[in-house]
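Student: 3D model of this:
(one chain, ligands or ions: 1)
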Amino acid sequence: MKKLMAANWKMYKLKEEAKDTAQLLAQALTGALAADREVLVIPPFTALRAVRKAIEKAPGFSLGGQNFYPAAQGAYTGEIAPDMLLDAGCSYALAGHSERRHILGESDEFVGQKVSFGLSSGLAMILCVGETLDERQAGRLDEVVRRQMAAGLAGVADDVAPECLVIAYEPVWAIGTGLTAGPKEICGAHALVRAILTEKFGDKARRMRIQYGGSVKPENASEIMALDNVDGVLVGGASLSAESFSKIVTA
Ligand code: PGA
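Tutor: Here you go, the predicted structure:
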């Protein structure tokens, strides 16, 4: 099981800049990427083609989509289908990122539709879960993560390939704020995610990856990567520069 080191570029970078960053990343990591690590670049849709070209010869790199609509095709103006992401070279996609839950108003159930539809379309799916600060302070971490995972995984078949299902634990209060969850908080939440996966999928859950996300940076990456049940990171801000993201990948 390779550790999954993902760069979520959100709504940043025009295609030239995206291409340059991806090229620098591929250069920096060629020959330096540990055999047990995989690099996933998740650029905006308009830069998928340029980034695909920049990383196609770099060993251990994959491409991902930030979002899609859970239908094969149809009259969904402004949306994009899983097949379109696959066609653009993506092998992964995100679902349930807190920005989509909280800014775009996506429900737990809609996120679940994306996870099952994406998997059945042939994408590996990263389901993001995590509590807000109010929820954590009210002692509701367990309840919130259980609810998001129950709905998010409701349509996932028992025979899902374990390498195709990734959970990203991202406490909302740590995303883009500079606040990182401490080792105790990360270990506790990741153990909970592993337990929920095991309840649903049995032994196979050990081979499903759990990423941490929320203000990961070069200074804290190695400490986070060393924690139990941390099988990778999902990085926003610090992934925008090839220099800082390559330090995280090799931390
Ligand atoms: P951040 O974002 O690293 O900027 O906190 C993480 C994410 O949103 O996935």
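
Student: Measure how buried the residue of the chain found nearest the ligand is and give me the count.
Tutor: Distances from the chain to the ligand, computed as Cβ to the nearest ligand atom, single out Gly236 as the nearest residue at 2.4 Å. C-beta coordinates here come from the backbone N, C-alpha and C atoms, glycine included. Gly236 is flanked by 22 other residues according to other Cβ atoms under 10 Å.

Student: where's it relative to Glu163, distance?
Tutor: 24 Å (Cβ to Cβ, to the nearest Å).

Student: and if you look at Val235?
Tutor: As defined by Cβ to Cβ, Val235 lies at a distance of 20 Å from Glu163.

Student: try Gly74
Tutor: Gly74 sits 30 Å away from Glu163, taking Cβ to Cβ as the criterion.

Student: likewise Leu133?
Tutor: Separation of Leu133 from Glu163 (Cβ to Cβ) stands at 33 Å.

Student: so where's the chain shaky on pLDDT?
Tutor: Scanning the chain with the threshold set as pLDDT under 70 gives no residue ranges.

Student: Now do the contacts for Lys19.
Tutor: Taking Cβ atoms under 8 Å, 6 or more residues apart in numbering as the criterion, Lys19 is in contact with Ala47, Ala50, Val51, Lys53, Ala54.

Student: number of nearby residues for Val156?
Tutor: Neighbour count for Val156, taken as other Cβ under 10 Å: 19.

Student: mind listing what it touches?
Tutor: Contacts here follow Cβ under 8 Å, 6+ apart; on that basis Val156 touches Val115, Ser116, Leu119, Leu165, Lys200.

Student: out of these, who has the most neighbours?
Tutor: Per-residue neighbour counts (other Cβ under 10 Å) across the contacts of Val156 peak at Val115, which has 25 neighbours.

Student: Within range of the ligand, give me the residues from the stretch 51-200 of the chain.
Tutor: In this structure, the stretch 51-200 of the chain approaches the ligand at residues Glu170, Ile175, Gly176, judged by Cβ under 6 Å from any ligand atom.

Student: how about the first one, what does it touch?
Tutor: Put plainly, it is Glu170. With contact set as Cβ under 8 Å, 6+ apart, Glu170 has these partners: His97, Ser98, Cys128, Val129, Gly130, Tyr212, Gly213, Gly214, Leu234.
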